[in-house]
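Peer 1: After the sequence you'll find the predicted model.
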Amino acid sequence: MLIEVGRVCVKTAGREAGRKCVVVKVIDRNFVVVTGPKELTGVRRRRSNVKHLVPLPIKLDIREDADDGEVLEALKQTKLYEELLREKEKRESKSKKES
């Protein structure tokens with residue numbers, strides 16, 4: 001599957017491994033800029049190696065280099081948004097139990 005602007009992916013490496021993110025800019029054939037956005041998925045806007053991403057069949061209709069607000073609005077139009085909210089609540093309740 002193609003890594004392109006708007007593609008929803010799962011990160012497979014690093015501290016954000018297992019979290020979903022959205023490609024907002026393609027830098028070259030090896031690197032892209034992704035965002036969660038952070039307040040929803042916990043993935044902050046950063047450069048990522050495409051080898052560390054697994055593309056999902058979902059593609060958002062966003063412009064290149066869209067800000068987090070635009071990405072969030074596009075996510076709200078999908079079924080994925082509800083799933084991301086549940087994952088966020090699960091993460092927050094887990095961190096409260098550890099405190």
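Peer 2: The structure has been received and is ready for your questions. Numbers count the residues shown, from 1 in each chain.
Peer 1: Shouldn't Pro55 be within a helix?
Peer 2: No: under the criterion used here (DSSP: H, G, I helix; E, B strand; the rest coil), Pro55 is strand, not part of a helix.
Peer 1: give me every residue that touches the closest residue to it other than its chain neighbours.
Peer 2: Excluding the flanking residues, the one nearest Pro55 by C-beta to C-beta, 6 or more residues apart in numbering is Met1, at 4.2 Å. Yep, even glycine has a C-beta here, placed from its N, CA and C like the rest. Going by C-beta atoms under 8 Å, 6 or more residues apart in numbering, Met1 touches 7, 55-57.
Peer 1: Most neighbours of all these, which one?
Peer 2: Arg7 (22 neighbours; other C-beta atoms under 10 Å).
Peer 1: so how far is Ile62 from that residue?
Peer 2: 10 Å (C-beta to C-beta, to the nearest Å).
Peer 1: intersection of neighbour lists for the two?
Peer 2: With C-beta under 8 Å, 6+ apart as the test, Arg7 and Ile62 both reach Val22.
Peer 1: any weak-confidence spans in this structure?
Peer 2: 99 (pLDDT under 70).
Peer 1: what's stretch 30-37 in contact with?
Peer 2: Stretch 30-37 has contacts (C-beta under 8 Å, 6+ apart) with 3, 9, 11, 19-27, 42-51, 53, 65, 68-69, 71-72.
Peer 1: do the same with stretch 70-90
Peer 2: Contacts for stretch 70-90 (C-beta under 8 Å, 6+ apart): 6, 8, 19-20, 22, 24, 35, 37, 39-42, 58, 60-63, 66.
Peer 1: again, 10 Å this time
Peer 2: By C-beta atoms under 10 Å, 6 or more residues apart in numbering, the residues outside stretch 70-90 that reach it are 6, 8, 18-24, 34-37, 39-42, 45, 56, 58-63, 66.
Peer 1: in it, what's buried?
Peer 2: Within stretch 70-90, the residues scored as buried using 16 or more other C-beta atoms under 10 Å are 70-72, 74-75, 80, 84, 87.
Peer 1: any idea which of those residues is closest to Lys96?
Peer 2: Glu87 (15.2 Å; C-beta to C-beta).
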